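[1] got a sequence here, can you model it:
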Amino acid sequence: MRYEIRLAGRLPGNWPDWFGGFTLATGPSGGTSLTGTVADQAALIGLLTAITHMNLTLLLVRRLDAQ
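    The predicted model follows:
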């Protein structure tokens with residue numbers, strides 16, 4: 001399943017390694033968008049838990065496909 005996850009603020013360019021192959025892009029408003037695939041709901045929860053533990057502000061989680 002592909003997801004877009006938006007975070008407040010800009011993340012350093014070397015952070016994609018922390019997010020299991022998700023691509024990282026900075027939006028025009030200065031936020032950061034992560035886009036990528038997770039195997040299942042447990043993997044998504046693990047990723048969201050890591051974001052929380054890094055003290056990052058979560059703005060959006062959106063599923064991009066129905067598969």
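[2] in this protein, what residue spans correspond to strands?
    In the chain, the strands defined using DSSP state E lie at 2-7, 23-26, 32-37, 58-63.
[3] same list, those strands, but as CSV with distance to Ile51 and mean neighbour count please.
    Yep, even glycine has a C-beta here, placed from its N, CA and C like the rest. Output for the strands of the chain, formatted as CSV (distance: least, CB to CB, whole Å; neighbours: other CB atoms under 10 Å):
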stretch, distance to Ile51, mean neighbour count
strand 2-7, 7, 18
strand 23-26, 12, 14
strand 32-37, 9, 18
strand 58-63, 6, 12
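[4] got any ranges where this structure has weak pLDDT?
    Applying pLDDT under 70 to the chain flags the ranges 13-17, 66-67.
[5] hmm, try it at 50
    The chain contains no residues with pLDDT under 50.
[6] related to what we said a few turns ago, output the strands of the chain in a markdown table, with distance to Thr52 appended to each entry.
    What follows is the strands of the chain, written out as a markdown table (distance: least, CB to CB, whole Å):
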| stretch | distance to Thr52 |
| --- | --- |
| strand 2-7 | 11 |
| strand 23-26 | 18 |
| strand 32-37 | 14 |
| strand 58-63 | 7 |
